[in-house]
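Quick one, structure for this:
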Amino acid sequence: MADFDDDDDFSDPEGFEEDISDEELLGDLLKKRPTLDTDEDTLVVIDNAPKVKPELMEKLKRILKKVVGKFGTIISEYYPVDENNIFKGYFFIEYATREEALNAVKTCDGYKLDKNNIFSVNLFTDFDQYLGKLDSKWVEPKKEEFVEIGNLRSWLLDPDCHDQFAVIYDAPRNNMNAICRNTPQEPSIVCERKSWTDTYLQWSPLGSYLTTFHAQGVALWGTDEFKRIGKFTHSRATLADFSPCERYIVTLSNVVDNPNDPHQVIIWDVRNGEMKRSFKKLSNEEWPVIKWSFDGKYFAKKGDDVLSIYESSNFGLLDKKSIVVRGIKDFSWSPSDYLISYWVPELGELPSKIIITRIPSRQEVATKSRHLVSECKLQWHKQGDYLCVKVDHWVNKSKKQQVSCFELFHARENEIPVDSIEIKEPVIDFSLEPNGSKLAIIHGEPPTRISVSFYKINEKGTPPAKLKIFEKQASNNLFWSPAGQFIVLAGLKSMDGQLEFIDTSDMSLMNRQEHTKLTDITWDPTGRYVVSSLSFWSEKMDTGFIMWSFQGKLLYRSPRYMERFCQFVWRPRPPSLLSEEDIKTIKKDFKKYQYLFEQKDRSIKTKASKGLMEKHKKETEDFRAFQEKKKKDILRRQEMHNDYMKELESKLASSNEIIETSFLVKEKREKVDV
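Reported below is the predicted structural model:
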């Protein structure tokens, strides 16, 4: 070390100018230089923490510091308490830098500490910004009185258990919309309105609301009087979809008011009409864009190479990040568990994959890979027992021949085993049996070489067994009864409306019917009735609907006044409150009730027949009265005509006499002149 004398001078010479700035020399230190606003810029306020007693406060502090300490260095902290020393549920954290504070706000806001505590995080300086926007003349709003909406499920109290349906007819002249009760012989109208909707009618999944569409948006109707329950302003909304619990409704409009912030897809709260979140619809997305978990707790949306899952409790992204899925094509929720399935096409040398993921852990519980896949279609069993995926793939790399393989995931079994069924012909349609374990497949070359095959899905590693194949069919669509067991094989549109009603318990053909050019088939919620319909939107002649029993017996056709028929849609029923044991007991003791039911059916039929006879009798009497009136009118007109003819003849006779006399006088005068 050099020695320095006390007389050494280290000062700069006179006229010396420093050419190094403070920022270059002390940049790191200057960044940490205190300012007047340092405390406020780095101070974060966190709300919605648990309110605990003093004895639990130290434990809570450790938990909270562990959460918020991930975002930066904590300089200080403050946890306010009330007069009883109970924590107030919000606290203050000071970070070392503003960047750390901003990161905490961005990342920690919406953090779910537990089921009841979701953090709300803000910078302390944000409060000044919000307070500055408050009106100095602010007046506390008046508390609105509670208004009773009415019973949204009163229709279920029908003593005869008649289901309801909505129809549109008399289009486009009057555009009549009606709610009808499915009574014997012909439907009875519950409510009827002209031009109720601009496009079509739609029920909510539990039947509580009727949805109508208008230029301004969407409206919901309910109760016995079908009064308006809510309205959602979404210009030219064309489609709507509900969460399974009916708490939320999603609307779609292709009109974008602001390209920078489009609201093509909007999620609304049904109860208060509040807009919860909005999205932009991708060009390749199919409706519904938003898909819900079975209880509405989660919802998901497909993006570019991502699957985004949100929580409906705060409408925030689950765990603040999406699932990266390159090339994702389609996805579907299990109807009974927090499982979501999706498939991705081949990417380079990587095969196409079908994946089932558990939410919220994001654990992949099942995966199936296959090369040369061209298309996949996902279909969950109604009770969530199975996932059936139709996989269309090429036989080899030349891509000249294509076959279909059905991958059956057993979602209830350990490690989710997968069975496969290969169909070497083109597949037209397929469908899983509700409340059962059968799979129906329509395959072959239309129009003559079409077959329908039925398979039984077995458990515990036993491969599916073929039950029956119906050959030389004229069918292109499958329609299972909601209760299972019964199915309708239908030839829609180009197939000229062939209908076959099959009981799959013994694979017997119960009935064969025909409804020419029919466009739609729909089962009632109980599985007792089937409706085939021909819509005016597709065909202009012979429109209407036919009501069949589940066995294929014709019950009645749409009334004559429902000409130019357009739409038929059953009103759904909520799930039964009966347990499986209750249902088993009822089935066991069914014979006790059978006589009462048959007696009731006869009474209803007799009553209906009596009412129909009285109606026909009145119509006959009215017609005969009309005939008599017309006969009297004709006789009166005939008498008037006769009188007129007599008067005319009399006048003509008088006129002829005058003419003849005049002629004779003229003739005599001519003779005299000569």
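
Might one say that Met275 is in contact with Val265?
No - using Cβ atoms under 8 Å, Met275 is not in contact with Val265, being 11.2 Å away. From N, CA and C alone the C-beta is placed, and that goes for glycine too.

Those two: which is more packed in?
Comparing Met275 with Val265 by other Cβ atoms under 10 Å, the one with more neighbours is Val265, at 24 against 14.

list the contacts for the closest residue to the more buried one other than its chain neighbours?
Sequence neighbours aside, Phe279 is the residue nearest to Val265 in space, at 4.4 Å (criterion: Cβ to Cβ, 6 or more residues apart in numbering). By Cβ atoms under 8 Å, 6 or more residues apart in numbering, the contact list for Phe279 reads Gln264, Val265, Ile266, Val289, Ile290, Lys301.

The fourth one and Gln264, how far apart?
It refers to Val289. 8 Å (Cβ to Cβ, to the nearest Å).

Give the intersection of the neighbour lists for these two.
Contacts common to Val289 and Gln264, judged by Cβ under 8 Å, 6+ apart, are Leu252, Phe279, Lys281.

Let me have these in a markdown table, extended by secondary structure and pLDDT.
Below are the shared contacts of Val289 and Gln264 laid out as a markdown table (DSSP: H, G, I helix; E, B strand; the rest coil; pLDDT from 0 to 100):
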| residue | secondary structure | pLDDT |
| --- | --- | --- |
| Leu252 | strand | 94 |
| Phe279 | strand | 90 |
| Lys281 | coil | 85 |
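
between those, which is closest to Ser475?
Set against Ser475, the nearest of these by Cβ to Cβ is Leu252 (32.2 Å).

Quick one: neighbours of the residue lying closest to the closest one once chain neighbours are set aside, just the number.
Distance criterion Cβ to Cβ, 6+ apart; nearest residue to Leu252, sequence neighbours excluded, is Leu239 at 4.2 Å. Using other Cβ under 10 Å, Leu239 has 18 neighbouring residues.

For Asp47, give its distance to Cys108.
11 Å.

These two: which is more packed in?
Taking neighbours as other Cβ under 10 Å, Asp47 and Cys108 compare with Cys108 leading, 19 against 14.

give me every residue that touches the spatially most central residue of the chain.
Nearest residue to the geometric centre of the chain (Cα atoms, centre = their mean): Asp241, 2.9 Å. Counting by Cβ under 8 Å, 6+ apart, Asp241 makes contact with Ile249, Val250, Trp287, Pro288, Ile290.

Out of the residues you listed, who's the most crowded?
Neighbour-wise, these (other Cβ under 10 Å) top out at Val250, 25 neighbours.

quick one: which helix or strand includes that residue?
Secondary structure from DSSP states H and E places Val250 in strand 248-253.

returning to that earlier point: can you redo the contacts of Phe279 as TSV with secondary structure, distance to Asp160 and pLDDT?
Formatted as TSV, the contacts of Phe279 follow (DSSP: H, G, I helix; E, B strand; the rest coil; distance: Cβ to Cβ, whole Å; pLDDT from 0 to 100):
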residue	secondary structure	distance to Asp160	pLDDT
Gln264	coil	44	90
Val265	strand	41	94
Ile266	strand	40	94
Val289	coil	40	94
Ile290	coil	38	96
Lys301	strand	43	95
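
for those residues, which one is nearest Asn103?
Using Cβ to Cβ, Lys301 comes nearest to Asn103 of the contacts of Phe279, at 26.0 Å.

mind checking how far the closest residue to that closest one other than its chain neighbours is from Phe454?
What sits nearest to Lys301 in space, not counting adjacent residues and going by Cβ to Cβ, 6+ apart, is Ser308, at 5.1 Å. Applying Cβ to Cβ, the value for Ser308 to Phe454 is 38 Å.

more neighbours, the two?
Neighbour count, other Cβ under 10 Å: between Ser308 and Phe454, Phe454 has more, with 19 against 15.

For the host helix or strand of that one, name the packing helices and strands.
Taking DSSP H and E as the criterion, Phe454 maps to strand 449-456. Here strand 449-456 touches strand 438-445, strand 465-470, going by 3 or more Cβ pairs under 8 Å, 6 or more residues apart in numbering; DSSP states H and E.

Just the CA atoms of that strand, as PDB, please.
Extracted C-alpha coordinates of strand 449-456, given in PDB (Å, rounded to 0.1, in the frame of the first residue of the first chain):
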ATOM      1  CA  ARG A 449     -75.500 -49.600 -48.700                       C
ATOM      2  CA  ILE A 450     -76.200 -48.100 -45.200                       C
ATOM      3  CA  SER A 451     -76.100 -50.200 -42.000                       C
ATOM      4  CA  VAL A 452     -76.600 -49.400 -38.300                       C
ATOM      5  CA  SER A 453     -74.500 -51.300 -35.800                       C
ATOM      6  CA  PHE A 454     -75.000 -51.500 -32.100                       C
ATOM      7  CA  TYR A 455     -72.200 -52.300 -29.600                       C
ATOM      8  CA  LYS A 456     -72.200 -53.000 -25.900                       C
END
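
neighbouring strands for that strand, and are they parallel or not?
strand 438-445 (antiparallel), strand 465-470 (antiparallel) (DSSP bridges).

right, and those - which one's nearest Gly527?
strand 438-445 (14.9 Å).

What residues sit buried inside that closest one?
The neighbour-count check on strand 438-445 (16 or more other Cβ atoms under 10 Å) flags Lys438, Leu439, Ala440, Ile441, Ile442, His443, Gly444 as buried.

I'd guessed the second one sits against Phe406; true?
Yes - because the distance of 7.0 Å satisfies Cβ under 8 Å, Leu439 is recorded as touching Phe406.
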